[in-house]
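Undergrad: Give me coordinates for this.
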Amino acid sequence: MSIEAVRAYLSRWNRDKDIIEMDVSTATVELAASALGVIPALIAKSISLRGGGSPDGGEGTGGNAALLVVTAGDMKLDNRKFKERFGFKARMLNPEEALRFTGHAVGGVCPFALPPGVEVYLDVSMKRFQTMYPACGSGNSAIELTLAELEEYSQSKAWVDVCQMAG
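TA: Numbers count the residues shown, from 1 in each chain. Below you'll find the predicted structure:
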């Protein structure tokens, strides 16, 4: 059902028909890159994190329970940079929390069609590229977007520098 919510959401920009649905899983960066025939760095990875307090709200993100950091697929969260930027320790949502707070299951979490209050931040690591491929609400979907489109469609709060090269 989540992909249908994303399809309806992207229809306001006439991009709903541009969603790529595949017969194979795109639930990880590596699987998505292989399915799309691109390098892993071009996969826009959505990291779902607990907001600045309890699961029911908190400080640091306007009291929101969750936030997303979207980063290039070859990056990982840098805990020190995250804490400096947001003022609290990064804590990833577990699969049940991710579904509850974002409306998307792990493997299909994306920065679109999110419940009110879930803030999206885009990591500067993606600025190396012209386009990125975020998921579209399912473990077998993606869409190619320019950075300007990703920023607009995700209703991003800001560009941040909270990641480092993985490995």
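Undergrad: going forward, measure contacts between C-alpha atoms and count neighbours the same way
TA: Fine.
Undergrad: Pull the contacting residues for residue 66.
TA: Residues in contact with residue 66 (CA atoms under 8 Å, 6 or more residues apart in numbering) are 48, 49, 50, 51, 55, 57, 101, 102, 117, 118, 119.
Undergrad: Which ones among the residues you listed map onto strands?
TA: Among the contacts of residue 66, the members falling in strands are 48, 49, 50, 119 (criterion: DSSP state E).
Undergrad: and which of those residues is nearest to residue 95?
TA: residue 48 (9.5 Å; CA to CA).
Undergrad: distance of the closest one from residue 24?
TA: 23 Å (CA to CA, to the nearest Å).
Undergrad: pLDDT of the helix or strand encompassing residue 10, averaged?
TA: Assignment of secondary structure by DSSP states H and E places residue 10 within helix 2-10. For helix 2-10, the mean per-residue pLDDT is 96.
Undergrad: Could you pull out the buried residues of it?
TA: Using 16 or more other CA atoms under 10 Å as the test for burial, helix 2-10 gives 2, 3, 5, 6, 7, 9, 10.
Undergrad: can you give me the offset of that helix from its chain's centre?
TA: From the chain centre to the centre of helix 2-10 is a distance of 15 Å (CA atoms, centre = their mean, to the nearest Å).
Undergrad: List of residues touching it?
TA: Contacts of helix 2-10 (CA under 8 Å, 6+ apart): 15-17, 19, 103-104, 112-113, 136-138, 141, 153.
Undergrad: tell me the SS of the most centrally placed residue in the chain?
TA: Nearest residue to the geometric centre of the chain (CA atoms, centre = their mean): residue 46, 2.4 Å. The three-state label given to residue 46 by DSSP: H, G, I helix; E, B strand; the rest coil is strand.
Undergrad: In contact with it, which residues?
TA: Contacts of residue 46 were listed using CA under 8 Å, 6+ apart, and they are 68, 69, 70, 71, 109, 110, 111, 134.
Undergrad: make it 7 Å
TA: Residue 46 is in contact with 68, 69, 70, 71, 109, 110, 111, counting by CA atoms under 7 Å, 6 or more residues apart in numbering.
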